[in-house]
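Participant: 3D, please:
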Amino acid sequence: QAQLVESGGGLVQPGGSLRLSCAASESIFRIAAMGWYRQAPGKERELVAATTTGGTTLYADSVKGRFTISRDNAKNTVYLQMNSLKPEDTAVYFCNAQSMLGGPPLSSWGQGTQVTVSS
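Facilitator: Numbering: from 1, shown residues only. You can find the predicted model right below:
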């Protein structure tokens, strides 16, 4: 099982920005695509963005143009830069590995990091 540690969440006003980080164990990070997911209260967990080891990305329609996923292969870390945040972005954000871009998550879920967008 990969170890996944998310950080960087917080409270931000609408229109603000946050940068999330996910540190993963080296064994999974080097071979897997990595994705950011979120789960809002009362809703199912959804994929927000994902990136391959080579940097190919995909985004949910709801975040295109506002969120950017990136990875630092030297640090086994994947980031999610979130700009122009909206109240509907409020959720717990998780990262996970994928065997292929957009594929099902491979590992147990970490604790996640709470993002709250509110004035």
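Participant: and Trp36, how far is that from Ser84?
Facilitator: Shown here: Trp36 relative to Ser84, a distance of 16 Å by C-beta to C-beta, to the nearest Å. (C-beta placed from N, C-alpha, C; glycine too.)
Participant: Between these two, point out the one with more neighbours.
Facilitator: Neighbour count, other C-beta atoms under 10 Å: between Trp36 and Ser84, Trp36 has more, with 25 against 13.
Participant: correct me, but the more buried one touches Cys22?
Facilitator: Yes. Contact criterion C-beta atoms under 8 Å: Trp36 and Cys22 qualify, at 7.3 Å.
Participant: Give me the most central residue, this protein.
Facilitator: The centroid of the chain falls nearest to Trp36 when counting by C-alpha atoms, centre = their mean (2.3 Å).
Participant: Can you give the distance of the least confident helix or strand in the chain by mean pLDDT from its chain's centre?
Facilitator: Within the chain, confidence by mean pLDDT, DSSP states H and E is lowest for helix 26-29 among all helices and strands, at a mean of 79. Chain-centre distance of helix 26-29: 16 Å, with C-alpha atoms, centre = their mean, to the nearest Å.
Participant: Over to stretch 74-85?
Facilitator: Its chain's C-alpha centre and that of stretch 74-85 lie 7 Å apart, by C-alpha atoms, centre = their mean.
Participant: Quick one: residues contacting Gln114.
Facilitator: Gln114 makes contacts with Gly9, Gly10, Ala91, Val92, Tyr93, as judged by C-beta atoms under 8 Å, 6 or more residues apart in numbering.
Participant: residues touching the third one, list them.
Facilitator: Taking C-beta under 8 Å, 6+ apart as the contact definition, Ala91 lies against Arg38, Gln39, Ala40, Lys43, Gln114, Val115.
Participant: Let me know the pLDDT of it.
Facilitator: pLDDT recorded at Ala91 is 98.
Participant: do the same with Gln1
Facilitator: You'll see Gln1 listed with a pLDDT of 63.
Participant: For the helix or strand harbouring Leu47, enumerate the helices and strands it packs against.
Facilitator: Taking DSSP states H and E as the definition, one finds Leu47 inside strand 46-51. Contact partners of strand 46-51 among helices and strands, from 3 or more C-beta pairs under 8 Å, 6 or more residues apart in numbering; DSSP states H and E: strand 33-39, strand 57-59, strand 67-72, strand 77-82.
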